[in-house]
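Asks: I would like the atomic coordinates for the input below:
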Amino acid sequence: ERTGAEPDPGLVPLTPLQLVYLTRHLLDPTDLTSHCLLTWVVAGDLDQAALATAVGAVHARHEALRAAYLADPRPVAQVVDLAPPPVEALPAQPSVAAAVGALRTLFGTELLIGEADVWRVAVVPAGPVTVLGVVVHHIAFDGWSEAVLARDLAAAYNAARRGTAAPDTPAPPSLARTHRDHLARLADSGLDTHRERRRAELAGVPAIRWPGYPGPADGGEPGLIEVPLSPAVVAGVDAQARAAGVSRFVVLLRHHGAALAEVTGERDLAVGVPVAQRHGAGSELAVGCHLTMLCVRLRGAALDDGPAATRAVGEAFGAAFAAQDVPLQDLLRMADLPGGHRPPLFQTLFALQDNAPPTLALDGAEATFVRQPYLDLPLELHTELWPEADGGLRLTVWYRRDAVAGSCARELAKRFEERLHTGSPGGFR
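Replies: Below is the predicted model:
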């Protein structure tokens, strides 16, 4: 740090979740659980020179993409003046599927985040189209960032292609400014009170036991179950939420928890829930890791049926959400968990992914976003719901093959879907 009261603005302390990502990387540099993939199939002329210019503009605009993430002498992000990543041109492939496979192979290699190698860009010709891929390490990225990166990349690309100046848009806050905003928020968050409440709530939380475990020794890529949910089903969920005075998310979490209890036989479940933390002015404009992970404990009435269960889940989630500024590391210490190879505190994640879609509006070309399967999972099972254009949702259940049997994941998806279609007893009244 500098001598004086103000720290070096180029050395910014990491958030608790960034510290988790950094630790995981240091323990295993080949770990792929933090690689975030974006893929577009581009029909029409993709101007390679304009794309390279756009990548450079996005790199310069967002400090998170040109920072080195360091552990010593203390965990920080250090903004560096490093050249943007080149647009790598891979050999042509006979199909979109083959092109996507080539990108996944390229992006399945280590990102050197300690050297500011945080993101990469590549293109693959595939017949009449080009597949454009981006990988970003989670320490510098989150779900909200997808749309921000796509919007800024398209704006810079179109300006380069037209030979005009880039749009005059407000700059995102610096990493130092974001950190100062976070510190100001912590000063008014009642952190000590929330920490003690979390300590009491999470004491003795059990690890989940999956039926059919163990799986194969070599898990490979995660397994995936996908189920479309119609707009009518979503409307039923929203009706229940209105009747109970809670959000759509709470109703979905309630039914997911009940389905999880039915499949596993557990009556005490800890579920991880990611939430965005974009509280400072202009934070919605930034690419970066602006999120935290809550631990919601579902037990007792929360795993029953009827309105009482919805209220109990709402209270459990509300308490966890109110304590969102308690660092995840503190939660792990509070729970006094035994060591082992399994993820501590919670082994499953539940998320409603309601971020804006990453629309890449390019002049002279049409880009269609294609959501890619995860390269790996940090937890044993992820249940996520994604918005569809018609107002429905797409249910995805991801599972690590070395921890969760495929039959278990399929049964969870089936029971969750059935609950959303029909409502539990007393559910849709």
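Asks: Please make it C-alpha for all contacts and neighbour counts, starting now.
Replies: Will do.
Asks: Would you mind identifying the helix or strand in the protein with the lowest mean pLDDT?
Replies: Every helix and strand in the chain was compared by mean pLDDT, DSSP states H and E; the lowest is helix 328-334, with a mean of 81.
Asks: what sits up against that one?
Replies: Contact partners of helix 328-334, identified using Cα atoms under 8 Å, 6 or more residues apart in numbering, comprise 16-17, 195, 198-199, 202-203, 292-294, 344-345.
Asks: With neighbour count, secondary structure and pLDDT as added columns, please give those in JSON lines.
Replies: Listed next are the contacts of helix 328-334 as JSON lines, based on neighbours: other Cα atoms under 10 Å; DSSP: H, G, I helix; E, B strand; the rest coil; pLDDT from 0 to 100:
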{"residue": "P16", "neighbour count": "18", "secondary structure": "helix", "pLDDT": "92"}
{"residue": "L17", "neighbour count": "19", "secondary structure": "helix", "pLDDT": "94"}
{"residue": "R195", "neighbour count": "19", "secondary structure": "helix", "pLDDT": "90"}
{"residue": "R198", "neighbour count": "21", "secondary structure": "helix", "pLDDT": "91"}
{"residue": "R199", "neighbour count": "17", "secondary structure": "helix", "pLDDT": "89"}
{"residue": "L202", "neighbour count": "19", "secondary structure": "helix", "pLDDT": "91"}
{"residue": "A203", "neighbour count": "13", "secondary structure": "coil", "pLDDT": "89"}
{"residue": "T292", "neighbour count": "20", "secondary structure": "strand", "pLDDT": "94"}
{"residue": "M293", "neighbour count": "21", "secondary structure": "strand", "pLDDT": "94"}
{"residue": "L294", "neighbour count": "26", "secondary structure": "strand", "pLDDT": "95"}
{"residue": "P344", "neighbour count": "17", "secondary structure": "coil", "pLDDT": "87"}
{"residue": "L345", "neighbour count": "27", "secondary structure": "coil", "pLDDT": "90"}
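Asks: Any chance of these in TSV with distance to L328 as columns?
Replies: Shown next, in TSV, are those (distance: Cα to Cα, whole Å):
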residue	distance to L328
P16	6
L17	7
R195	11
R198	11
R199	12
L202	12
A203	14
T292	8
M293	7
L294	8
P344	11
L345	10
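Asks: closest to R419 among those residues?
Replies: L294 (24.2 Å; Cα to Cα).
Asks: and that closest one, how far is that from R195?
Replies: 13 Å (Cα to Cα, to the nearest Å).
Asks: just how off-centre is the least confident helix or strand of the chain within its chain?
Replies: Centroid separation between helix 328-334 and its chain, computed with Cα atoms, centre = their mean, to the nearest Å, is 20 Å.
Asks: by contact count, what packs against the helix or strand following it?
Replies: The helix or strand immediately downstream of helix 328-334 is strand 348-352, counting by DSSP states H and E. Counting by 3 or more Cα pairs under 8 Å, 6 or more residues apart in numbering; DSSP states H and E, the packing neighbours recorded for strand 348-352 are strand 268-276, strand 381-387.
Asks: residues in contact with the longest helix seen in the chain?
Replies: Counting residues, the longest helix found in the chain (DSSP state H) is helix 143-162. For helix 143-162, the external contacting residues (Cα under 8 Å, 6+ apart) are 38, 47, 50-51, 53-55, 57-58, 165-167, 276, 285-288, 353, 355-363.
Asks: which of those residues count as buried?
Replies: 38, 47, 50-51, 53-55, 57-58, 166, 285-288, 353, 357-363 (16 or more other Cα atoms under 10 Å).
Asks: what ranges of the stretch 301-429 of the chain fall below the confidence cut-off?
Replies: Where the stretch 301-429 of the chain drops to pLDDT under 70, the residues are 335-340, 424-429.
Asks: which residues of it fall in helices?
Replies: Under the criterion DSSP state H, counting those that start in this stretch, helices of the stretch 301-429 of the chain are mapped to 307-322, 328-334, 406-422.
Asks: Also the stretch 51-200 of the chain?
Replies: Counting by DSSP H, counting those that start in this stretch, the helices of the stretch 51-200 of the chain are 96-107, 143-162, 175-187, 191-202.
Asks: Deepest-packed of the ones you listed, please.
Replies: For the helices of the stretch 51-200 of the chain, the largest average neighbour count (mean count of other Cα atoms under 10 Å) is found in helix 143-162, namely a mean of 21.
Asks: Where does pLDDT dip in the stretch 101-250 of the chain?
Replies: Ranges of the stretch 101-250 of the chain meeting pLDDT under 70: 213-219.
Asks: Swap in 80 and give it another go.
Replies: For the stretch 101-250 of the chain, the stretches flagged by pLDDT under 80 are 188-189, 213-220.
Asks: mind exporting the longest helix of the chain as PDB, just the C-alpha atoms?
Replies: Extracted in PDB, the C-alpha atoms of helix 143-162 (Å, rounded to 0.1, in the frame of the first residue of the first chain):
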ATOM      1  CA  GLY A 143     -24.300 -13.900 -15.100                       C
ATOM      2  CA  TRP A 144     -25.200 -10.200 -15.300                       C
ATOM      3  CA  SER A 145     -21.900  -9.600 -17.100                       C
ATOM      4  CA  GLU A 146     -23.000 -11.700 -20.100                       C
ATOM      5  CA  ALA A 147     -25.300  -9.000 -21.400                       C
ATOM      6  CA  VAL A 148     -22.900  -6.200 -20.500                       C
ATOM      7  CA  LEU A 149     -20.100  -7.800 -22.400                       C
ATOM      8  CA  ALA A 150     -22.300  -8.600 -25.400                       C
ATOM      9  CA  ARG A 151     -23.700  -5.100 -25.600                       C
ATOM     10  CA  ASP A 152     -20.300  -3.400 -25.300                       C
ATOM     11  CA  LEU A 153     -18.700  -5.800 -27.800                       C
ATOM     12  CA  ALA A 154     -21.400  -5.200 -30.300                       C
ATOM     13  CA  ALA A 155     -21.300  -1.400 -29.900                       C
ATOM     14  CA  ALA A 156     -17.500  -1.300 -30.400                       C
ATOM     15  CA  TYR A 157     -17.700  -3.700 -33.300                       C
ATOM     16  CA  ASN A 158     -20.300  -1.600 -35.100                       C
ATOM     17  CA  ALA A 159     -18.400   1.600 -34.500                       C
ATOM     18  CA  ALA A 160     -15.200   0.000 -35.900                       C
ATOM     19  CA  ARG A 161     -17.000  -1.400 -38.900                       C
ATOM     20  CA  ARG A 162     -18.600   2.000 -39.700                       C
END
